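S.K.: the sequence and its predicted three-dimensional model are supplied below.
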Amino acid sequence: MESSVVYEGDLNLKATELRLGLPGTDEPEKQNMSSVRNNKRASPDMAEDGGSKGDSDAKNGDCESAPAAKAQVVGWPPIRSYRKNSFQTKTEVETGMYVKVSMDGAPYLRKIDLKVYKGYADLLQAVENMFKLTIGEYSEGEGYKGSEYAPTYEDKDGDWMLVGDVPWDMFTSSCKRLRIMKGSEAKGLACGV
Amino acid sequence: MDPKRSRNSPDSPESTRFPDEVLERVLSLLRSHKDRSSVSLVCKDWYNAERWTRTHVFIGNCYSVSPEIVSGRFPAIRSVTLKGKPRFSDFNLVPENWGADIHQWLVVFAEKYPFLEELRLKRMTVTDESLEFLATSFSNFRAISLLSCDGFSTDGLAAIATHCKNLTELDIQENDMEDNGGGWLSCFPENFTSLEVLNFASQQGDVSFDALERLVARCKSLRVLKVDKYVKLEQLHRLLVQSPQLTDLGTGNFQQELTPRQFAELESAFRNCKNLHTLSGLWDATSLYFPVLYSACGSLTFLNLSYAALQSGDLVKLLPHCPNLRRLWVLDTVEDKGLEAIGSSCPLLAELRVFPADPFDLDINHGVTESGFIAVSCGCPKLHYVLYFCRQMTNAAVATIVQNCPDFTHFRLCIMNPRQPDYLTGEPMDEAFGAVVKTCTKLQRLAISGLLTDLTFEYIGKYAKNLETLSVAFAGSSDWGMQCVLRGCAKLRKLEIRDSPFGNAALLSGLAKYESMRSLWMSACNVTMNACRILAREKPRLNVEVMKDDETDSRVDKVYVYRSVAGPRRDAPPFVLTL
C-alpha cells in the first residue's frame, strides 16, 4: 500500500522512491515536473537555431510537442499577480450552483448552493436543518422510508425525479430546482419503479 | 527659460549675475524634473539655485543613486518618488528578497528631511517596520502611495493610520499585501478629518465597515475612495450618501440581491455624485445593476471594468451612457462584439486595455481577435494607448489599425501563445510591427509578441526614433536584431528582453549606449558570464548584476544592467552576483 505523493519543487522524493514497478510508469507526474522546470529556458533547441533570419520554422523552439499538455511558462502571459488572484476568487463565485428549494406548505422558498455539498447525505442533512424536518433513509427500491417527505428535483428535461437515484455529479449538473414533497404525493414517488 | 540669459553665461567675467534670490524664486516655479535637470546643467550658479529650490525628487531606479547622495545634493525635499525592482518582477521573473528595500532610504530621510510630506513607491519592498518608522519619524507626513510593492501587511497601514495626523493620501494599489484583518481602518483617530485619497482596493479581506463609514462621513475633502471587493452594494450606498463629492470611486462587489427600494436608493445616491470622473472596482458586476450607474456615467472619463466578466451585451447597454470616456479597461469576455460597441459608443477614447479572463487556459478559443481591435480603431481615431491581449492576430489587421490610429504613443500587443505567426498567412508578425513603427512616429513604448524574426528589430531600429521603452519576449533570430535596436533607437531608456536568442555580441554592441539608458534586462537569452564580465570591466559606471540558476552552465539566466552613481549595491542577496 503506497501513497503516491508528488512533491513539486526541490525535494524530488519520487525519484529516489523504492518501488516494485518498472521505471517510467508514472507518465502524468513526469510531465508535471517538466512543466515546473520549464521556466529555465523556453526551448533548449533555440540556442542552436540562432542565426536563421526570416526562418518561419523558428516555432519548433517549443519543446513540448504534445498539444494537450502545453506547459506553462513562468511569467507568461505577462499578467500581474494581483490580477491573477482576483480571477481565482471570481471563478469560485461563477461556478456556484444555486437552486431554489421549495417545501410543500412553506410560505417562501429557499436557495442553496449545490457546490457546497459533498454528496447526498450532506445535502439532505442541510435541507433537514433548513426546514426542520426529517427526510428518512434512501433505498433504491422503496425511496425514502421513515418520513412523510420525499426530496425531489426537476431535471434538465423538466421531469420531476427522486433525489438519490443517480450519481452525485450527474445530479448536480442536471438539477434545476428542488422540491420537498409531502404526504400522499410523496408516497407515489416512494414506490418502486 | 530665456534664451538671452543662457548666452550671457558666466564665462565672461562681467557676466550679468542674477541675484540668487530672484533666480531661486523663478526656478521654484519649475515642476517638471526634466526641466530641472536641464536647468541644473546650465552653469554652477544655476545648478546651485536649482538644488536649493527642488522640493520633489523622482528616482526611476533606486539603485542608480544613494539616499546620501540625494540628500547631499537636494536639501529641501518634501516629496520623493522611488521605483525599485525591474518591471519583469511583476511576472515572477525576479526572485524574492532581491532588494529594493525602502528602509535605508527612510533612515537617511528621517535625519535629512524631517519635514518630508510625500512618498510614492513602485516595486519596492516595504516592511511593516518601515511603515511604522515612517509614520513616527515625519511629523508633517501627508501622502503615501504604494504601487506593486510587497513586504507589508495591514499592520503597517494601522501604523500609518494611527500616527499620521495630517494624512491626506493613503493609496495602496496592486500590492502583495498580507491581510491581518481590517482593523487598521479603526486606527484613524476620531478627530481625524484630512483624508482626501483612500485606496485599499487590493486588500484581500474584510474591513471594519463601521469604521470606514464614520471615516468617510467625517472626511469632507475626500475625493478618491476605492474600497476592496468585500464591501457590499448596500454598504456602498451608505458610503456614497456620505460622500457625493467624490471624483474617483472604486466600488466593492457589485453583485448582491437588492430589493427594489435598495435599488432605487442606490441609484439616487449615484445620481447625487455629480463629479464622478473615474469608476473602478465593480467586482462580479453584471448588467443587472448597471442602471444604478447611468446617471453618474455622463461625466466619466475613466472606466475600469477589468474585474467584471462582462459579455458584449452588457457593454452595449452601458457604454451609450458614457460618451465622455477617454480611458477604458475591460476583460476579453466582452469579445469582438463588445469591442465593436466600444468603437461605436466612445469617439473620444484615448486609451484601451483589454485583459484576458483566462490567460493560462491555452485550449479555449474565447476572447478577442484582430477584428475587435480593428473595430475599435475605426471608431476611436484618438486612440493613443493600447494594451491588448489576444490569441490571434494578423499583419494586415495591425497595418489597418495603425492606419486608422496613427497617433499611438504606447502600443503593447500580447499574442498569448509564444511565437505564434499570422494565423491567416502563417508568416511571422514582422510586418505588423513594421507598420506600427513606420506609421506611429510618436511611439514611446512598444511591446511585441508573436513569431518575430530579426526583421522586426530592423524596422524598430530604423523607424522608432522616439522609442523609450521596448519589451521583447520569445522574439528575434540572432544577435543582429538586438544590435539594430541598440544602434537605431536614440531615445531608448528601458529595454527588457526574455527568452530570445540574443547573445554576447548583442550585449556588447550596446557598450556605448547603456549609460544613456535607465536599464537593460535580459533573461533566458544566450549571454554568458564572460561577456557580462567584459561589460562590467569596460563600463565601471554601470552595475552589471547576474543571476544564475545553474552552476555548471556558462550562460547567465538573468542579467540586469543599469547606470549608477552609487557604485555596486551593498545589499545584494547571495543569488545576485555584481560583476
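M.R.: Noted; the coordinates are in hand. Keep in mind the model is a prediction, meaning the values are calculated, not measured.
S.K.: which phi and psi does residue B:58 have?
M.R.: The phi and psi torsions at residue B:58 (degrees, to the nearest 10) take the values phi -110, psi 120.
S.K.: what's across from it in the sheet?
M.R.: Taking DSSP bridges as the rule, residue B:58 bridges to residue B:81.
S.K.: wait, doesn't it sit right on residue B:79?
M.R.: No - if you go by C-beta atoms under 8 Å, residue B:58 and residue B:79 don't touch, sitting 9.2 Å apart. To be clear about C-beta, it is placed using only N, CA and C from the backbone, and glycine gets the same treatment.
S.K.: what sits against the residue in chain B positioned nearest to chain A?
M.R.: Closest contact between chain B and chain A, by C-beta to the nearest C-beta, is at residue B:91 (3.2 Å). By C-beta atoms under 8 Å, 6 or more residues apart in numbering or on different chains, the contact set of residue B:91 is A:74-76, A:78-80.
S.K.: and what of residue B:449?
M.R.: So residue B:449 contacts B:413-416, B:418, B:420, B:429, B:473-475 (C-beta under 8 Å, 6+ apart).
S.K.: could I get the phi/psi values of the closest residue to residue B:338 other than its chain neighbours?
M.R.: Counting by C-beta to C-beta, 6 or more residues apart in numbering or on different chains, residue B:312 is the residue found nearest to residue B:338 once chain neighbours are left out, at 3.8 Å. Here is the backbone geometry of residue B:312 (degrees, to the nearest 10): phi -60, psi -40.
S.K.: cool, residue B:519 as well?
M.R.: In terms of degrees, to the nearest 10, the main-chain angles of residue B:519 are phi -160, psi 160.
S.K.: tell me the spacing between residue B:73 and residue B:326.
M.R.: Using C-beta to C-beta, to the nearest Å, we find residue B:73 at a distance of 38 Å from residue B:326.
S.K.: just checking, residue B:326 touches residue B:350?
M.R.: Yes - the criterion here is C-beta under 8 Å, and residue B:326 meets it with residue B:350 at 4.7 Å.
S.K.: can you give me the neighbour number for residue B:196?
M.R.: 17 (other C-beta atoms under 10 Å in any protein chain shown).
S.K.: I misspoke; the intended subject was residue B:535.
M.R.: By other C-beta under 10 Å, 22 other residues sit near residue B:535.
S.K.: show the pLDDT at the nearest residue to it once chain neighbours are set aside.
M.R.: Distances taken as C-beta to C-beta, 6+ apart put residue B:544 closest to residue B:535, at 5.3 Å, once the chain neighbours are dropped. Residue B:544 is assigned 97 on the pLDDT scale.
S.K.: what's the helix or strand for residue B:544?
M.R.: strand B:542-547 (DSSP states H and E).
S.K.: what pairs with residue A:100 across the strands?
M.R.: For residue A:100, the beta-bridge partners under DSSP bridges are residue A:111, residue A:177.
S.K.: my guess is it contacts residue A:180. True?
M.R.: No - the criterion here is C-beta under 8 Å, and residue A:100 misses it with residue A:180 at 11.5 Å.
S.K.: so which of the contacts of residue B:449 are in strands?
M.R.: Judged by DSSP state E, the contacts of residue B:449 include B:413-415, B:473 as members of strands.
S.K.: what's around the spatially closest residue to residue B:525 that is not a sequence neighbour, how many residues?
M.R.: Nearest non-adjacent residue to residue B:525, counting by C-beta to C-beta, 6+ apart: residue B:502, 4.9 Å away. By other C-beta under 10 Å, 27 other residues sit near residue B:502.
S.K.: tell me the confidence at residue B:502?
M.R.: 97.
S.K.: ranking helices and strands of the chain by mean pLDDT, which lands last?
M.R.: Here I'm looking at chain A. When each helix and strand of chain A is scored by mean pLDDT, DSSP states H and E, helix A:44-49 comes last, with a mean of 36.
S.K.: where does chain A dip in pLDDT?
M.R.: Residue ranges of chain A with pLDDT under 70: A:1-71, A:85-96, A:183-193.
S.K.: ok and the residue in it nearest chain B?
M.R.: Proximity of chain A to chain B (C-beta to the nearest C-beta) peaks at residue A:75, 3.2 Å away.
S.K.: which phi and psi does that residue have?
M.R.: The phi/psi pair for residue A:75 (degrees, to the nearest 10) is phi 70, psi 20.
S.K.: repeat that for residue B:26.
M.R.: Taking degrees, to the nearest 10 as the convention, residue B:26 sits at phi -70, psi -50.
S.K.: distance of it relative to residue B:193?
M.R.: Distance from residue B:26 to residue B:193, by C-beta to C-beta: 36 Å.
S.K.: let me see the contact set for residue A:82.
M.R.: Taking C-beta under 8 Å, 6+ apart, we find residue A:82 in contact with B:174-176, B:202.
S.K.: again, 7 Å this time
M.R.: Shown in contact with residue A:82 (C-beta atoms under 7 Å, 6 or more residues apart in numbering or on different chains): B:174, B:202.
S.K.: so it belongs to a helix, correct?
M.R.: Yes - applying DSSP: H, G, I helix; E, B strand; the rest coil, one finds residue A:82 inside a helix.
S.K.: any idea how far it is from residue B:307?
M.R.: Distance from residue A:82 to residue B:307, by C-beta to C-beta: 11 Å.
S.K.: same check, this time on residue B:80
M.R.: Using C-beta to C-beta, residue B:80 is found at 31 Å from residue B:307.
S.K.: since we're on the residue of chain A closest to chain B, how many residues are nearby?
M.R.: Neighbourhood size, residue A:75 [other C-beta under 10 Å]: 20.
S.K.: hmm, residue B:92 and it touching each other?
M.R.: Yes - if you go by C-beta atoms under 7 Å, residue A:75 and residue B:92 touch, sitting 5.0 Å apart.
S.K.: residue 152 in helix, strand or coil?
M.R.: Defaulting to chain A. Secondary structure for residue A:152, judged by three-state DSSP, is strand.
S.K.: I was after chain B.
M.R.: strand.
S.K.: tell me which parts of the stretch 451-579 of chain B are close to chain A?
M.R.: Counting by C-beta under 7 Å from any C-beta of the partner chain, the residues of the stretch 451-579 of chain B close to chain A are B:451, B:453-455, B:473-474, B:477-478, B:499, B:501, B:524, B:526, B:549.
S.K.: filter these to the buried ones?
M.R.: B:451, B:453-455, B:473-474, B:477-478, B:499, B:501, B:524, B:526 (16 or more other C-beta atoms under 10 Å in any protein chain shown).
S.K.: what's the farthest-apart pair in those residues?
M.R.: Farthest apart among those by C-beta to C-beta are B:455 and B:524. That separation is 21.8 Å.
S.K.: higher neighbour count, residue A:100 and residue A:180?
M.R.: The neighbour count for residue A:100 versus residue A:180, taken as other C-beta under 10 Å, is higher for residue A:180 (23 against 13).
S.K.: separation between the more buried one and residue A:104?
M.R.: With distances taken as C-beta to C-beta, residue A:180 is found 7 Å from residue A:104.
S.K.: swap in residue B:403?
M.R.: From residue B:403 to residue A:104 the distance is 67 Å (C-beta to C-beta).
S.K.: residue B:493 now?
M.R.: 73 Å.
S.K.: neighbour-wise, which of the two wins?
M.R.: residue B:493 (16 against 12).
S.K.: got the contact list for that one?
M.R.: Counting by C-beta under 7 Å, 6+ apart, residue B:493 has contacts B:468-469, B:517-518.
S.K.: ditto for residue B:560
M.R.: Residue B:560 makes contact with B:86, B:519, B:521, B:545 under the criterion C-beta under 7 Å, 6+ apart.
S.K.: hmm, try it at 8 Å
M.R.: Per C-beta under 8 Å, 6+ apart, neighbours of residue B:560: B:86, B:519-521, B:543-547.
S.K.: do I have it right that residue B:338 meets residue B:372?
M.R.: Yes - between residue B:338 and residue B:372 there is a contact at 7.4 Å, judged by C-beta under 8 Å.
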